[in-house]
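*Asks:* Starting from these lines, generate the structure:
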Amino acid sequence: MKKSEIIVFTIFKVIYVMSAIAAIYNYIMDFISPTDTYCSLSSNDFVSLIAMTGVLALILKKECEAKQQ
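*Replies:* I've put the predicted structure just below:
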């Protein structure tokens, strides 16, 4: 793999982890908040995490193929 691909993949992984942590944090804060009536992930959070998971799977597949060559 090219060095630029490695950098872009690393940046995407960091953004993915930060987004997942933010979604989980918001869910937990809604859960323990005494003023909220319910807690849930917004549909935007849910769809973006699913889409990012798909991209992450493609990145990991490409990295595995690169290591085997």
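*Asks:* okay, CA-based contacts and neighbour counts for the rest of this
*Replies:* Will do.
*Asks:* ok, longest helix in this protein?
*Replies:* When the chain is parsed with DSSP state H, its longest helix is helix 3-32.
*Asks:* Next, the buried residues of it.
*Replies:* Neighbour-count burial for helix 3-32, with 16 or more other CA atoms under 10 Å as criterion, is recorded at 9, 12-13, 16, 19-20, 23, 27, 30.
*Asks:* And the next helix or strand past that helix?
*Replies:* helix 43-68 (DSSP states H and E).
*Asks:* tell me the angle of that next one relative to helix 3-32?
*Replies:* 140 degrees (axes from the mean of the first three to the mean of the last three CA atoms, to 10 degrees).
*Asks:* So for helix 43-68, what gets flagged as buried?
*Replies:* In terms of neighbour count (16+ other CA under 10 Å), helix 43-68 has its buried residues at 45, 49, 52, 55-56, 59.
*Asks:* out of everything not next to it in sequence, what's closest to the most centrally placed residue in the chain?
*Replies:* Nearest to the geometric centre of the chain sits residue 16, at 3.0 Å (CA atoms, centre = their mean). Once flanking residues are discounted, residue 16 sits nearest to residue 52: 6.7 Å by CA to CA, 6 or more residues apart in numbering.
*Asks:* and that neighbour, how far is that from residue 32?
*Replies:* Distance, residue 52 to residue 32, using CA to CA, to the nearest Å: 27 Å.
*Asks:* how much space between the closest residue to residue 49 other than its chain neighbours and residue 54?
*Replies:* Distances taken as CA to CA, 6+ apart put residue 20 closest to residue 49, at 7.0 Å, once the chain neighbours are dropped. Distance of residue 20 to residue 54, computed by CA to CA: 14 Å.
*Asks:* Over to residue 26?
*Replies:* Applying CA to CA to residue 26 and residue 54 gives a distance of 22 Å.
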